[in-house]
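>>> Build me a structure from this.
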Amino acid sequence: MTVAPQPPFSHPVEAEFARILDFYGIPWEYEPRKFVLERDVLGNITEAFTPDFYLPEQDLFVELTTMQPTQIRHKNRKLRRLCELHPETNIKLFKRGDIRALLLKFGVEDYPDMMANEL
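Numbers count the residues shown, from 1 in each chain. Sure thing, here's the model as predicted:
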């Protein structure tokens, strides 16, 4: 479970997801690790991926996206690369429809406003 104060979330959907995890007593960490996906010849990071949440009891990283399905290609490519480089890493992508269903299930009334901004 989190300890106050809550981290500055990038998107309202992330804050709501954290609230749901807290409600069920599921421990979580917000953006705890950056995975390096690519480096240049000098060793500088040129591409990285930082999943939104880590659920330590499940050993699971969670990435949330409210992007339209036609715009999600770049994020899917990064996830595939992450799995290639770190096959031991468990990660789940919650896409727009998954998030919508989750918010509806938990009675979040202002979910349309949350879904308007892309994450």
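>>> Every contact and neighbour count from this point should use C-alpha atoms.
Noted.
>>> helix/strand/coil for the residue positioned nearest the centre of the chain?
The structure's the chain has its C-alpha centroid closest to Glu63; by C-alpha atoms, centre = their mean the separation is 2.2 Å. Here Glu63 takes the strand state, with states given by DSSP: H, G, I helix; E, B strand; the rest coil.
>>> Now do the contacts for it.
Taking C-alpha atoms under 8 Å, 6 or more residues apart in numbering as the definition of contact, the neighbours of Glu63 are 51-53, 91-94.
>>> Name the member of the residues you listed with the most neighbours.
Each of those was scored by neighbour count (other C-alpha atoms under 10 Å); the top score is that of Phe53, with 22 neighbours.
>>> and Gln58, how many neighbours?
Neighbour tally, Gln58, other C-alpha under 10 Å: 11.
>>> just Pro87 next, same as before
Neighbouring residues of Pro87 were enumerated by other C-alpha under 10 Å; the total is 11.
>>> Kindly indicate whether it is helix, strand or coil.
Local secondary structure at Pro87 is given as coil here, using three-state DSSP.
>>> Backbone torsions only: list them for it.
Reported as degrees, to the nearest 10, the phi and psi values for Pro87 are phi -60, psi -20.
>>> now it: how far from Val36?
With distances defined as C-alpha to C-alpha, to the nearest Å, the gap from Pro87 to Val36 amounts to 14 Å.
>>> Phe49 now?
Phe49 sits 7 Å away from Val36, going by C-alpha to C-alpha.
>>> residues near Leu60, how many?
The local packing count at Leu60 equals 15, with neighbours defined by other C-alpha under 10 Å.
>>> need the contact list for it.
If you count contacts by C-alpha under 8 Å, 6+ apart, then Leu60 has 54, 89-92 around it.
>>> quick one: which of the residues you listed is nearest to Glu29?
Tyr54 (5.1 Å; C-alpha to C-alpha).
>>> helix, strand or coil for the closest one?
Using three-state DSSP, the structure places Tyr54 in strand.
>>> partners of it in the sheet?
When bridges are called by DSSP bridges, Tyr54 pairs up with Glu29, Phe61.
>>> What of Glu47?
Bridge pairing for Glu47 (DSSP bridges) gives the partners Glu38.
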